[in-house]
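**Student:** quick one, structure for this:
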Amino acid sequence: MNKDEKVCYCFNVTVGDIEKAIKDGADSLNSVKQATNAGNGCGRCSANVEKVTLELLKENK
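**Tutor:** Coordinates of the predicted model:
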């Protein structure tokens, strides 16, 4: 997964930002969204934010 890939355009959140949030202790979709604001703007990215977050959470177990 490309760390520079934008996941949320409203808040300029990248895959790398989500990965960092997980490394900093976020352990669920809600905690990642709270830490990054991803998906909290227009909402169009919500499905992608969820997909990326769940993939990264699996990788970091």
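
**Student:** element containing the residue nearest in space to the middle of the chain, please.
**Tutor:** Residue closest to the average C-alpha location in the chain (CA atoms, centre = their mean): I18, at 3.7 Å. Per DSSP states H and E: I18 is located in helix 15-23.

**Student:** tell me the buried residues in that helix?
**Tutor:** 15, 17-19, 21-22 (16 or more other CB atoms under 10 Å). From N, CA and C alone the C-beta is placed, and that goes for glycine too.

**Student:** ok, stretch 30-39 next?
**Tutor:** 31-33, 35-36, 38-39.

**Student:** kindly provide the whole-number mean pLDDT of the longest helix anywhere in the chain.
**Tutor:** Longest helix in the chain, counting residues (DSSP state H): helix 46-59. Averaged across helix 46-59, the pLDDT comes to 97.

**Student:** so which elements touch that helix?
**Tutor:** The contact analysis (3 or more CB pairs under 8 Å, 6 or more residues apart in numbering; DSSP states H and E) places helix 46-59 against strand 6-8, helix 15-23, helix 29-36.

**Student:** G41 contacts N12, correct?
**Tutor:** No: using CB atoms under 8 Å as the test, G41 is too far from N12 to be in contact (10.2 Å).

**Student:** kind regards, and thank you for your time.
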